[in-house]
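1. my questions concern the predicted model and sequence given below.
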Amino acid sequence: MNDRPGLELALDVPEGCEDGAPVAVLLHGRGSHGRDLLGLRVGLPSDTILVTPQAPHLAAPWGYGPGWAWYRYLGEDRIDPTTLETSLEALDDVLNGLVDLLPVRPGPVVLGGFSQGGTTSLAYALRNRARVAGVINLSGFLANGVLDLVGPEAPRSLRIFWGHGTADPAIPHGMAERGRSALREAGADLESHDYPVGHSIVREELTDMSRWMASLQPG
């Protein structure tokens, strides 16, 4: 693990990586840890550098298990804004530090994650439109009020991949549909995929995600 301000990071740098390599910063779900999403390497283009930060909040005080959390969940699509703000500031430190952290000059940066990680990634990308080439939301949701806090230009043409299980008991598919609709109405370039699973990631989703990520690269 490598220390960065406020967060710990795990890295997976492909052999022979060169300047301009794409970077995927992927955020784990509620109650998990920074190394949890290293297994998503199989869903990334082979030249992608994978960075997996660990959330700043202990999960146990909120009843989320032994790991870490990106924010305190309040129910439905509501989250505690103070706890989210702490995480967004920490993510800013991570993205600002990529040039010094990585062994090569980073290319396009994609931010994403699973569950809380996906929700947090959407919130960050909408507030920091110019910082990311795209955002991946795997079984997360669009937090209430996030679109109200950004200007009308923020969502326009923002490239988003949103995968969700149709039988998700934690974040129901209907919540995903409402978030997708709001983003499309705001002008986002949203690619959505549904899978006949619960609150999980399946191989078909990783295949779709890899193809979408490859489409972000120049040429």
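-> In hand now; what should we look at?
2. going forward, measure contacts and count neighbours with C-alpha atoms only.
-> Will do.
3. so who does residue 80 touch?
-> Each residue near residue 80 by CA atoms under 8 Å, 6 or more residues apart in numbering is listed here: 71, 72, 73, 74.
4. and if you look at residue 214?
-> Contacts of residue 214 by CA under 8 Å, 6+ apart are residue 45.
5. ditto for residue 206
-> Contact partners of residue 206, counting by CA under 8 Å, 6+ apart, are 40, 42, 43, 44.
6. now the residue lying closest to the third one once chain neighbours are set aside: how far from residue 114?
-> With sequence-adjacent residues excluded and distances taken as CA to CA, 6 or more residues apart in numbering, residue 43 is closest to residue 206, at 4.4 Å. Remark: distance between residue 206 and residue 114 (CA to CA, to the nearest Å) = 12 Å.
7. point out where this structure drops to low pLDDT.
-> The chain contains residues with pLDDT under 70 at 1-6, 218-219.
8. if we use 80, what do you get?
-> 1-6, 151-152, 217-219 (pLDDT under 80).
9. mind listing the helices for it?
-> All helices of the chain, identified by DSSP state H, fall at 81-96, 98-101, 116-127, 173-185, 203-216.
10. how about the fourth one: buried residues?
-> What it means is helix 173-185. 173, 176, 179, 180, 183, 184 (16 or more other CA atoms under 10 Å).
11. and which of those residues is nearest residue 128?
-> Ranked by distance to residue 128 (CA to CA), these are led by residue 183 at 15.4 Å.
12. residue contacts, the closest one?
-> With CA under 8 Å, 6+ apart, residue 183 has these contacts: 155, 190.
13. residue 24 versus that one, what's the distance?
-> Distance from residue 183 to residue 24, by CA to CA: 22 Å.
14. before we move on, what about residue 103?
-> To residue 24, residue 103 is 15 Å away according to CA to CA.
15. what residues are up against residue 134?
-> 109, 110, 111, 125, 158, 159, 160, 161, 216.
16. which ChimeraX command selects the buried ones in those residues?
-> Per 16+ other CA under 10 Å, the buried members of the contacts of residue 134 correspond to this ChimeraX selection:
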select :109,110,111,125,158,159,160,161
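17. number of residues surrounding the closest residue in space to residue 105 that isn't next to it in sequence?
-> The shortest distance from residue 105 to any non-neighbouring residue, by CA to CA, 6+ apart, is to residue 19 (4.6 Å). Neighbour count for residue 19, taken as other CA atoms under 10 Å: 11.
18. which residues does residue 19 contact?
-> 104, 105, 106, 107.
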